[in-house]
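>>> Just need the structure, nothing else, for what follows:
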Amino acid sequence: MQSFRTELENPIVERDILELERKIALFKEGKIDEEKFRSLRLARGVYGQRQPGVQMIRIKLPYGRVTAPQLRRISKVSEEYSTGRLHITTRQDIQIHYVSLDRTPQLWAELEKDDVTLREACGNTVRNVTASELAGIDPKEPFDVTPYADATFRYFLRNPICQEMGRKFKMAFSSSEEDTGLSYLHDLGFIPKIKEINGKQVRGFKVLLGGGLGSQPRHADLVYDFLETDQLIPYIEAVLRIFDRHGERARRNKARMKFLVKDLGLEAFLELVEQEKKALPFASYPIDAASYEGAQSLPNPEKPELKSELGLDYELWKLTNVLPQKQEGYVAIGVRVPLGDFYISQARALADLIEKYANNELRFTLRQNFLIRDVREDLVPFFYQELKKIGLSERGYNSLGDITACPGTDTCNLGIASSTGIATELEKVIFNEYPQYLKNQDLVIKISGCMNACGQHNMAHIGFQGMSMRVGKTVIPALQVLLGGGNLGDGNGRFADKVTKIPSKRGPQALRLLLDDFEANGEDLDFLSYYDQQGQMYFYELLKELADPAKVTEEDRVDWGRNENYEVAVGVGECAGVVIDLVATLLLEAKEKLDLGQEALENGRWSDSIYHHYAGLINAAKAILLSEDISTNSYANIIFLFDEHFVSSGKVTLDSSFAEKVYEINQHEPTPEFAKAYAKQALEIYQALKSYREEEVNA
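Numbering: from 1, shown residues only. The predicted model follows:
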């Protein structure tokens, strides 16, 4: 480990990596509970996969951007620590698989040499901040959202308010009213707007709150038609503080923001957000977009010669894979990556290509592809030639044949049926039997291997969800067919209806029936209008014969891509990193948070110090509650129950209620004087709780 300890320039990052190394050692020595260790490694992008003894590593790439040096660095790491395969996720991350836990600190250190992080790529944190891949080049955008997405990522990375929330938190920025960032299905979604105020053109965002997918999808609520950009960070911080305090922590399936908004009611939730504003470190947080925009330039490389004529394939590819940019004379090239999987030999060739002939960056997309930006129009034939050499010239970018699918049973613990296997078969059907749909970019197929909707199946026009299906005494792999979802634009969308469940091997025939009927009866309608015209029961009848369990064959008992009969094998999911806390571990963690608070205090980071001390108090109180088998489900609940069981009863003596002391956090501005007073009080309360615990143990 000596090499990376001396090479990293950022001491904060180095300490983070060394902490991971130390906790791995403690875990192996049996000094950290397995569930607690899971929480720690998830927040460092280290995720257990279906195969025992190895990890999936999620590499966090804010708004999907990666430069040529970063792509080479990721390739180097994948070659040395993984299998050489790179997987693009629906949140614009890169995942690599089959990594040894012991080697994750070195892997992380290697990535950080080119400013690539694993931090908070998983776990109960702010996940990757996504954005439309067209941001900055979209002809329809009011302004480039990139610097705002970047500022959001950087502000909340390692921020104490969002390190151990009850559940993950997702944010997205769209580039225009087309809402390609899918704002309506995120915890917070942002759509750029321009408004004239006092004769000036002012930038702001339409803001949506509390959306989500999963087994109970919820459309986000509109909370602002126009929020000025300097209010973006303060508003997000206030929302996160309320989610951290009031969000469910005991029941994983009820812990997302959408459930908190539903339980409290939107008005009550927003009132709590308003009350929190006094405690924020910034009433206004201007984001310097001008500097970012001023630094942008367009490449002007020498034109290389073509090796040969390109033919019809090139002309067909150009119809779907070349996109206009708002910058005159330049286009973007969409590269279709089937199932989001590509390899380091391709990645290295791409790095060379974009560094020399484009603008030295790719943007990974929500549909598991990538976009090469700022390509001079006359270089498009050359790019096709070079992409064809490395096997990345498939046509149909963002078309019906470009299917999104999560990893499913390939590597995920929660996978029920093979999503990648059925996706491959459906793509074959479209390419071989319905090639006309390779030009259709208004019809979307998405597939998930389970109800958690990582493949976003329940917002697609045609969606499939991996399931199991009992037939007699056996269980076979199945697909839930969903129809009628879609993005309507400007923060509006609709979720798909569940139509029927069919054996997985009949998925291709279901697609044929749907497309044939659409062609026969859809006339000039778009798919959603056609679906609404026919109605849900019409499609149930259309697919009913495929769902008949009496017609199950031996072939139906084997999932796609497998040779053996299907067995349900669902492990423990890690999407939320829910942990079983032990009393001693919680008290230790409380002290660690108080120590972080003291460090922040010494460095003049007043708001961070206050929040670390607040979190330390909560952990200490939770430990004492747990010691008497008192269950809790939120930070607010911990505060209430501690007063009820320990302060009011006189078991713990404080000069006022625990709630009054803790909630001083949102009654004062984060001044140096308050930060110091709050820290002193927190240390005194912690010592009182620790003494109480020691007396109980020794009694």
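
>>> For stretch 355-364, the averaged confidence score.
For stretch 355-364, mean pLDDT rounds to 97.

>>> next one: stretch 137-145
98.

>>> again, but for stretch 314-334
For stretch 314-334, the mean per-residue pLDDT is 96.

>>> which outside residues touch that stretch?
Residues from elsewhere that reach stretch 314-334 (CB atoms under 8 Å, 6 or more residues apart in numbering): 134, 137-139, 141, 298, 335-336, 365, 369-377, 380-381, 383-384, 387, 393-399, 438-439, 441. Bear in mind the C-beta positions are built from the backbone N, C-alpha and C, glycine included.

>>> List the buried residues of that stretch.
Across stretch 314-334, burial judged by 16 or more other CB atoms under 10 Å covers 314, 317-318, 320-323, 325, 327, 330-334.

>>> for these, which one is nearest Leu641?
Nearest to Leu641 among the buried residues of stretch 314-334 is Gly334, at 53.3 Å by CB to CB.

>>> can you tell me which helix or strand that closest one belongs to?
Gly334 belongs to strand 330-335 when assigned by DSSP states H and E.

>>> Give me the sheet partners of the helix or strand following that strand and which way each runs.
With elements assigned by DSSP H and E, the helix or strand that comes after strand 330-335 is strand 341-343. Using DSSP bridges, the strands paired with strand 341-343 are strand 85-88 (antiparallel).

>>> Just to check, Arg373 is in contact with Gly136?
Yes. Using CB atoms under 8 Å, Arg373 is in contact with Gly136, at 7.5 Å.

>>> which residue sits closest to Ala623, ignoring its sequence neighbours?
Nearest residue to Ala623, sequence neighbours excluded (CB to CB, 6 or more residues apart in numbering): Leu586, at 3.7 Å.

>>> I'd say that neighbour and Ala621 touch.
No. Contact criterion CB under 8 Å: Leu586 and Ala621 do not qualify, at 9.2 Å.

>>> Now for the closest residue to Ile191 other than its chain neighbours: which residues touch it?
In space, and not counting its chain neighbours, Ile191 is closest to Lys206: 4.2 Å by CB to CB, 6+ apart. For Lys206, the contact set (CB under 8 Å, 6+ apart) comprises 183, 190-193, 222, 224-227, 490-491.

>>> Show me which residues of the longest helix anywhere in the chain are buried.
In the chain, taking DSSP state H as the definition, the longest helix is helix 672-698. Going by neighbour count (16+ other CB under 10 Å), the buried part of helix 672-698 is 674-675, 678-679, 681-683, 685-686, 689-690, 692-693.

>>> Which members of the residues you listed are the farthest-apart pair?
Spatial extent of the buried residues of helix 672-698 (CB to CB) is set by the pair Phe674 and Arg693 at 28.2 Å.

>>> Pop the domain breakdown of this structure in here.
Listed by automatic domain parsing, the domain ranges of the chain are 2-112, 130-286, 312-389, 404-557, 583-698.

>>> what about the protein, any weak spots by pLDDT?
For the chain, applying pLDDT under 70 flags the ranges 1-8, 413, 568-582, 699.

>>> In the stretch 401-550 of the chain, what residue spans correspond to strands?
Assigned by DSSP state E, counting those that start in this stretch, the strands in the stretch 401-550 of the chain fall at 404-405, 445-448, 462-471, 474-483, 486-489, 492-494, 497-503.

>>> Mind listing the strands the strand holding Gly334 pairs with, and their directions?
Strand 330-335 has the following strand partners under DSSP bridges: strand 322-324 (antiparallel), strand 370-376 (antiparallel).

>>> Out of these, indicate the one that is most buried.
Most buried of these, by mean neighbour count (mean count of other CB atoms under 10 Å): strand 370-376, with a mean of 23.

>>> Next, the angle from the helix or strand following that strand to strand 370-376.
Once strand 370-376 ends, the next helix or strand along the chain (criterion: DSSP H and E) is helix 380-389. With axes from the mean of the first three to the mean of the last three CA atoms, to 10 degrees defining the directions, helix 380-389 sits at 150 degrees from strand 370-376.

>>> CA atoms only: put helix 380-389 into CSV for me.
C-alpha atoms of helix 380-389 as CSV (Å, rounded to 0.1, in the frame of the first residue of the first chain):
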residue,chain,number,x,y,z
VAL,A,380,-18.2,12.1,-39.6
PRO,A,381,-17.2,9.6,-42.3
PHE,A,382,-13.8,9.2,-40.6
PHE,A,383,-15.4,8.6,-37.2
TYR,A,384,-17.6,5.9,-38.7
GLN,A,385,-14.6,4.2,-40.2
GLU,A,386,-12.7,4.2,-36.9
LEU,A,387,-15.7,3.1,-34.8
LYS,A,388,-16.3,0.3,-37.2
LYS,A,389,-12.7,-0.9,-36.7
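
>>> before we move on, the earlier item: ok, Leu586 and Ala621, which is more surrounded?
Ala621 (27 against 22; other CB atoms under 10 Å).

>>> picking up where we left off before, give me the buried positions along the helix or strand the residue nearest to Ile191 falls within.
Assessed by DSSP H and E, Lys206 sits inside strand 200-209. For strand 200-209, a neighbour-count test (16+ other CB under 10 Å) marks 203-209 as buried.

>>> How about stretch 57-77?
Buried residues in stretch 57-77, counted by 16+ other CB under 10 Å: 57-68, 70-77.

>>> Let's see the distance spanning it from one end to the other.
Start to finish, the residues bounding stretch 57-77 are 11 Å apart (CA to CA, to the nearest Å).

>>> Pull the distance from it to the chain's centre.
Its chain's average C-alpha position is 16 Å from that of stretch 57-77, according to CA atoms, centre = their mean, to the nearest Å.

>>> hang on, the earlier thing: closest to Leu626 out of the buried residues of helix 672-698?
Of all those, Leu626 sits closest to Arg693, with 10.4 Å by CB to CB.

>>> Enumerate every residue touching that closest one.
By CB under 8 Å, 6+ apart, the contact list for Arg693 reads 583, 587, 623-624, 627.

>>> of those, closest to Arg50?
Taking the contacts of Arg693 together and measuring to Arg50 by CB to CB, the closest member is Val583, at 32.5 Å.

>>> My guess is the closest one contacts Ser627. True?
Yes. Under the criterion of CB under 8 Å, Val583 makes contact with Ser627 at 4.8 Å.

>>> Give me the angle between the host helix or strand of Thr320 and helix 380-389.
When elements are assigned from DSSP H and E, Thr320 belongs to helix 311-321. Relative orientation of helix 311-321 versus helix 380-389 (the same axes, to 10 degrees): 100 degrees.

>>> if we can go back for a sec, just the buried residues of the contacts of Lys206.
Of these, these count as buried by 16+ other CB under 10 Å: 183, 190-193, 222, 224, 227, 490-491.

>>> related to what we said a few turns ago, okay if I get the buried residues of helix 672-698 as CSV plus distance to Leu511?
Converted to CSV, the buried residues of helix 672-698 look like this (distance: CB to CB, whole Å):
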residue, distance to Leu511
Phe674, 61
Ala675, 60
Tyr678, 60
Ala679, 61
Gln681, 63
Ala682, 59
Leu683, 63
Ile685, 61
Tyr686, 60
Leu689, 60
Lys690, 62
Tyr692, 63
Arg693, 60
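
>>> Out of the residues you listed, which is nearest to Met171?
Ala675 (27.6 Å).

>>> Run a quick neighbour tally on the closest residue to that closest one other than its chain neighbours.
Sequence neighbours aside, Trp606 is the residue nearest to Ala675 in space, at 4.0 Å (criterion: CB to CB, 6+ apart). By other CB under 10 Å, 21 other residues sit near Trp606.

>>> quick one: Trp606 from Phe282, how far?
12 Å (CB to CB, to the nearest Å).
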